[in-house]
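Novice: when you get a sec, could you give me coordinates for this:
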Amino acid sequence: MYLDITYIIFVLPAVILSLWASWNVKHTFKKYAEVHNSRGLTGADAARRVLDANGLRDVPVEQISGELSDHYDPKARAVRLSQSVWGSTSVAAVGVACHEVGHAIQNAENYLPVQIRQAIIPVTAFGEKLSVPLLVLGLLLSSYSRYFIYLAYAGVALYALCAVFQIVTLPTEFDASRRALASIRDMALLDGEELQGAKKVLTAAALTYVAALATTLMQLLRFIVLVRDRDR
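Specialist: As a prediction, this is how the structure comes out:
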């Protein structure tokens, strides 16, 4: 039985962090999904108010299926909220809805990290599909000719594009949450304790992106070590 020590050293701790972050965001959302805001605003209501306040009356707020599937669609220019957010008057719903509106505002303002992320999506998708196959193929064939190791290096380079995409995603998500909390506070959509609850939900969500980046970076480091060892 083969034991991949590089996976245990580099990747496994990040995977455990990702699993914890995923559990934490679901646990935190569930907790504050049971805390209803004193103004009786639904997620859809809050999203509509913040959009209108920022001159985005032409951006629709649409309901979609799924759990925590909320997102802003830049192509359709629409804020899409899951069933658990759309009609809910919970603190969690208002926080998540306003976060997605934050992305709509970023798009309207041509926020630089968003533009960079949109520009590299095709290249990142290409890299995600080919990186691991090229890496594995290069490592296997390098036993026959060392020149095949360059295939593995190409795989590493393509995988690095995934890390770049996630690095650019972090400021985008943090900024959307910052905008959301500022709008909630300035427009008095939630009171003090409710605002703190929304902040905890958005912080838990942000940690999932941090954990995902950590996993990708550790996997990238593992790939580099594997290829360098084979190249010696």
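Novice: same for the least confident helix or strand in the chain by mean pLDDT, what does it pack against?
Specialist: Comparing helices and strands within the chain by mean pLDDT, DSSP states H and E singles out helix 5-6 as the least confident, with a mean of 86. For helix 5-6, the packing partners by 3 or more Cβ pairs under 8 Å, 6 or more residues apart in numbering; DSSP states H and E come out as helix 192-231. Using the backbone N, CA and C atoms, a C-beta is placed for each residue, glycine as well.
Novice: excluding chain neighbours, what is closest to the residue most central in space within the chain?
Specialist: Within the chain, one residue has its C-alpha closest to the average C-alpha position: by Cα atoms, centre = their mean, that is residue 209, at 4.6 Å. Distances taken as Cβ to Cβ, 6 or more residues apart in numbering put residue 173 closest to residue 209, at 5.2 Å, once the chain neighbours are dropped.
Novice: what residues of the helix or strand harbouring the one you found count as buried?
Specialist: Assigning secondary structure by DSSP states H and E places residue 173 in helix 149-186. Residues 149, 151-156, 158-166, 168-169, 171-177, 179-181, 183-184 are the ones in helix 149-186 that count as buried (16 or more other Cβ atoms under 10 Å).
Novice: give me the mean pLDDT for it.
Specialist: Mean pLDDT, taken over the full extent of helix 149-186, equals 96.
Novice: how far is it from where the chain is centred?
Specialist: With Cα atoms, centre = their mean, to the nearest Å as the basis, the distance from the averaged C-alpha position of helix 149-186 to the chain average is 7 Å.
Novice: who are the packing partners of that helix?
Specialist: Taking 3+ Cβ pairs under 8 Å, 6+ apart as the contact definition, the neighbouring helices and strands of helix 149-186 are helix 43-53, helix 91-108, helix 112-141, helix 192-231.
Novice: let's have the ones you listed in a markdown table, adding mean pLDDT and distance to residue 9.
Specialist: Shown next, in a markdown table, are those (pLDDT from 0 to 100; distance: least, Cβ to Cβ, whole Å):
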| stretch | mean pLDDT | distance to residue 9 |
| --- | --- | --- |
| helix 43-53 | 98 | 42 |
| helix 91-108 | 98 | 35 |
| helix 112-141 | 92 | 18 |
| helix 192-231 | 96 | 8 |
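Novice: now, of the ones you listed, which is deepest in the fold?
Specialist: Ranked by mean neighbour count, the helices and strands packed on helix 149-186 are led by helix 91-108 with a mean of 26 (mean count of other Cβ atoms under 10 Å).
Novice: still on that earlier bit, quick one: the helix holding residue 173 to helix 112-141, angle?
Specialist: Counting by axes from the mean of the first three to the mean of the last three Cα atoms, to 10 degrees, helix 149-186 points 150 degrees away from the direction of helix 112-141.
Novice: kindly confirm my reading that residue 38 is in a strand.
Specialist: No. Counting by DSSP: H, G, I helix; E, B strand; the rest coil, residue 38 falls outside a strand, being coil.
Novice: and the nearest residue to it once chain neighbours are set aside, backbone torsions?
Specialist: Of all residues beyond its chain neighbours, the one nearest residue 38 is residue 191 (6.0 Å), with distances taken as Cβ to Cβ, 6+ apart. Phi and psi for residue 191, reported as degrees, to the nearest 10, are phi -90, psi -170.
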